[in-house]
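Asks: structure for the following, please:
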Amino acid sequence: MEIPFQPWAEKAYLEHKANFSKDDPEGHCLPPGVPRMTTTPYPFRIMQTPNLILIVYEGGAHVWRQIFMDGRPHPADPNPSWLGDSIGHWEGDTLVVDTVGFNGLSWIDESGLPTTESLHVIERFRRPDLGHLEIVNTVDDPKAYTKPWSFTTHPVMLKGELMEYICQENNKDVQHLVGKQ
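Replies: The predicted structure is shown next:
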């Protein structure tokens, strides 16, 4: 896939790759952000009520996400955060989640695709069969990319329960994130 970088974002991405992603926020126990939360190797659980969907993530910074399903719009001036402000609706059997209000500190993936506070993500969750999800992620961040672009992930259902995993309690790898010497 060819990423439509703005010049500064391509430079940042190439620097991240060259130094083996030593500055990866997730490597420092910070939240992976959206859409990266559903691309990490850690499982997550989705819970649905009539007006709210919650996603609880096992890994990283032990965060959760609220997707409001009550028809509300995004706030006019959302408080910037790692996971943004998410609103959703159903289109047939596909859950469409629209998220804005990011802090611009997360990466799209572990290789270092950067984001800014202008990031806008549309996720389309579909369940093709029992045990499998398909998530089409559309990234629209005009400060980092020249046009919107998409990628698809295929998470599988957790066999068992979420475990307590606290990155901050045993983060012995930070001293090894030295990059290329």
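
Asks: which residues touch P41?
Replies: By Cβ atoms under 8 Å, 6 or more residues apart in numbering, P41 lies in contact with G59. Glycine gets a C-beta too; all of them are placed from N, C-alpha and C.

Asks: SS state for it?
Replies: Classification of P41 using DSSP: H, G, I helix; E, B strand; the rest coil returns coil.

Asks: look up how far F125 lies from it.
Replies: 19 Å (Cβ to Cβ, to the nearest Å).

Asks: show me where this protein dips below the pLDDT cut-off.
Replies: Along the chain, the model assigns pLDDT under 70 to residues 60-61, 168-181.

Asks: quick one, helices of it?
Replies: Using DSSP state H, the helices found in the chain span residues 7-18.

Asks: wait, T99 sits on T38?
Replies: No - using Cβ atoms under 8 Å, T99 is not in contact with T38, being 11.8 Å away.

Asks: name the nearest residue to L158, sequence neighbours excluded.
Replies: Take L158 and drop its neighbours on the chain: the residue closest to it by Cβ to Cβ, 6 or more residues apart in numbering is P43, 4.2 Å away.

Asks: what's the neighbour count on that neighbour?
Replies: Residues near P43, counting by other Cβ atoms under 10 Å, number 19.
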